[in-house]
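K.L.:
sequence and predicted structure below; questions after.
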Amino acid sequence: MDIEVIEDPAAAEASLDPIRTRILQELVEPASATQLAAKVGLPRQKVNYHLKALERHGLVELVEERRKGNVTERVLRATAASYLISPVALASVAPDPRRFSDRFSAFWLLALASRTVQEMGKLISGAAVAKKKLASFAIDGEITFRTAADRAAFAEELGVAVTRLVDKYHDGGPAAEAGGGRKHRLVVVLHPALKTPSQPASATEKTSDKDQSND
């Protein structure tokens, strides 16, 4: 899988160990404990210990067994290229969108994102078991607003446009689902982009700035 969503608390704990995280990273390509030991700089016995823990929680899987004399070498790989821990792993303290009602609340946005991870994790697992493709759609982009007023106006217009589309396509009648209709979740978010750390000035730039200040 491209991404596996971890729901089991014990599996989440196992994956968060720094050494096991490194092993999962290396196991994007199949490898044995001996091969991994050379890559991560640990004794083979220690690597085997971590591999057994990861395998027990379903985070790595057996690819093949190679017989070398009296020794059987096990080749394993990670079950996914990337992992994401679901809020289900912290169910008792996971954020609940129903606790918030302000659409301008950053905490509500975070709770919605948490719910999205939780629901998509279950949907992906279900689709994999059923061997069906999961229908989903997303838009990701950046927009720069000149003023806070422009941002507020954009949010208002976006809300109106989305509401208009929902009214146009939503079928809330009892016959919809009975006739094969499927309810879908719609989440639209807008938040500030993270600032990119400024690059330190080079020695040449610093010298040039100093020369200009002395002129």
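P.N.:
Done, it's in.

K.L.:
which stretches of the protein form helices?
P.N.:
Secondary structure of the chain by DSSP state H: the helices cover 9-15, 18-26, 33-40, 44-56, 106-130, 148-169, 174-178, 203-214.

K.L.:
for residue 139, find the nearest of those helices.
P.N.:
With respect to residue 139, and counting by CB to CB, the nearest of the helices of the chain is helix 148-169 at 11.5 Å. To be clear about C-beta, it is placed using only N, CA and C from the backbone, and glycine gets the same treatment.

K.L.:
need the contact list for the most centrally placed residue in the chain.
P.N.:
Most central residue of the chain, judged by C-alpha distance to the mean C-alpha position with CA atoms, centre = their mean, is residue 84 at 4.6 Å. Residues counted as contacts of residue 84 (CB atoms under 8 Å, 6 or more residues apart in numbering) are 3-6, 117, 121.

K.L.:
need the nearest residue in space to residue 1, chain neighbours excluded.
P.N.:
Nearest residue to residue 1 in three dimensions, chain neighbours excluded: residue 80, at 4.3 Å (CB to CB, 6 or more residues apart in numbering).

K.L.:
I'd assumed residue 11 was in contact with that neighbour.
P.N.:
No - contact between residue 80 and residue 11 fails when scored by CB atoms under 8 Å: they sit 11.9 Å apart.

K.L.:
please identify which of the two sits among more neighbours.
P.N.:
For residue 80 versus residue 11, neighbours defined as other CB atoms under 10 Å are more numerous around residue 11 (20 against 17).

K.L.:
which ones are touching the nearest residue to that one once chain neighbours are set aside?
P.N.:
Nearest residue to residue 11, sequence neighbours excluded (CB to CB, 6+ apart): residue 57, at 3.8 Å. In this structure, residue 57 makes contact with 8, 10-11, 14-15, judged by CB under 8 Å, 6+ apart.
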